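Colleague: no FASTA, just this:
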Ligand SMILES: Cc1cc2nc3c(=O)[nH]c(=O)nc-3n(C[C@H](O)[C@H](O)[C@H](O)COP(=O)(O)OP(=O)(O)OC[C@H]3O[C@@H](n4cnc5c(N)ncnc54)[C@H](O)[C@@H]3O)c2cc1C
């Protein structure tokens, strides 16, 4: 297998780097961690759209660039390396556009995909509910037909994102059917009457995740995506895309880079920290794990370019890379010691408080988008062919 990048891909990577370096120079953003989830900047997303970089792998006929998933991976890898605020368009670019493409009507594709690509529509994903996380088929939000509308009632939780104007959600359309069969997917405009978005303040002190309440919300029937009551099978595919990406590996890359730099510049008893065997060992180990994770992520993109949704490959990649991210956050706090616990703003705080931000944020990595236990079950059954029980 040839692991090298083409000349065009190398040029493209450099083009993305040049753009991001210029944006940092202009003061558009300061590199941060978890930017794909919490770096919300509609203005920056629109700049990315103007470059033609949202929907890079979506077909040209709907406004995308029709490029490969490996090209998209190069783009997203650089966005994360530079810690750029990409959250507003991330979910639409990663999974919602693909779902509409796979299951939407021609009218829906023409309506939504060009708006995603132009950075006009920013999607939230409304799957999880208070009693339906890993066991998503237990969801209780209902969609009941009423003339030309579906009427939505229920609640979503952990809905990521600010500045989102649409939500891609799942709801129960047949309460009598077996639980995996009576579910459908919808698009809802978040400004519709009856929708309340309530931010959740999490352990990092940020409020980037939400509870979303639906109270007699009337969505037109043409907002149903795909086949009624077959939504669960569509979701499985969508989750494969959700778990596919580089964000699970590189969401904290700015911390890794800054940590290495810190150990080179900071002296202990007259010697740079980078000469301490224990610290060198930790950093080298992280680099080994990072390179392994990168291969797993590229493998997923290659599966997608081969024309199928990645399944156990995404599960394996996410299970591995989120554990890497946790180890990175742990090692950073160990290396920085008590000062590493200070948040940005304190004059004693090293590397802009990225370590404590990552450490606290990392607790959710192996939950969001499918827990590690669930992913290992997927790998065991679908990858290794082991019995499900
Ligand atoms: C930061 C963050 C952002 C998120 N963003 C979104 C979002 O944008 N949209 C959205 O819809 N959801 C989102 N989620 C929700 C996420 O998908 C759920 O948290 C996840 O699916 C787990 O569900 P749960 O929290 O209900 O935990 P549970 O499903 O209750 O799991 C609790 C524990 O039990 C274990 N467990 C459960 N079932 C099994 C089993 N069968 N076998 C072995 N172990 C099991 C789990 O592995 C876990 O350790 C987000 C979550 C977080 C933390």
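Modeller: That came through, no problem. Small disclaimer: the values here were computed from a predicted structure and weren't measured.
Colleague: and the residue of the stretch 51-200 of the chain found nearest the ligand, how many neighbours?
Modeller: At 1.9 Å from the ligand, residue 133 is the closest residue in the stretch 51-200 of the chain, using C-beta to the nearest ligand atom. Where C-beta positions appear, they are placed from N, C-alpha and C, glycine not excepted. Neighbours of residue 133 under the rule other C-beta atoms under 10 Å: 18.
Colleague: any idea how far it lies from residue 99?
Modeller: Going from residue 133 to residue 99 by C-beta to C-beta, to the nearest Å gives 20 Å.
Colleague: residue 140 now?
Modeller: Applying C-beta to C-beta, the value for residue 140 to residue 99 is 22 Å.
Colleague: okay, the two: which has more neighbours?
Modeller: Remark: of residue 140 and residue 99, residue 99 carries more neighbours, 22 against 14, as counted by other C-beta under 10 Å.
Colleague: can you list the residues of this protein near the ligand?
Modeller: With C-beta under 6 Å from any ligand atom as the criterion, the chain meets the ligand at residues 125-128, 133-134, 158-160, 209, 364, 367-371, 373-374.
Colleague: show only the entries of those residues found in strands.
Modeller: Secondary structure defined by DSSP state E assigns 125, 126, 158, 159, 160, 209 of the residues of the chain next to the ligand to strands.
Colleague: the closest residue to residue 52 other than its chain neighbours: how many residues sit nearby?
Modeller: Spatial nearest neighbour of residue 52, excluding adjacent residues (C-beta to C-beta, 6 or more residues apart in numbering): residue 65 at 5.7 Å. Number of residues near residue 65 (other C-beta under 10 Å) recorded here: 18.
Colleague: run a quick neighbour tally on the residue of the stretch 201-350 of the chain found nearest the ligand.
Modeller: Nearest residue of the stretch 201-350 of the chain to the ligand (C-beta to the nearest ligand atom) works out as residue 209 at 5.3 Å. Other residues within reach of residue 209, judged by other C-beta under 10 Å, total 20.
Colleague: now do the contacts for it.
Modeller: Residues near residue 209 by C-beta atoms under 8 Å, 6 or more residues apart in numbering: 158, 159, 160, 161, 199, 200, 202.
Colleague: what segments of this structure are strands?
Modeller: Using DSSP E, strands in the chain cover 123-126, 142-146, 149-160, 166-172, 183-189, 195-200, 209-220, 224-225, 267-268, 271-272.
Colleague: which residues of this structure score low on pLDDT?
Modeller: Within the chain, the stretches with pLDDT under 70 are 1-2.
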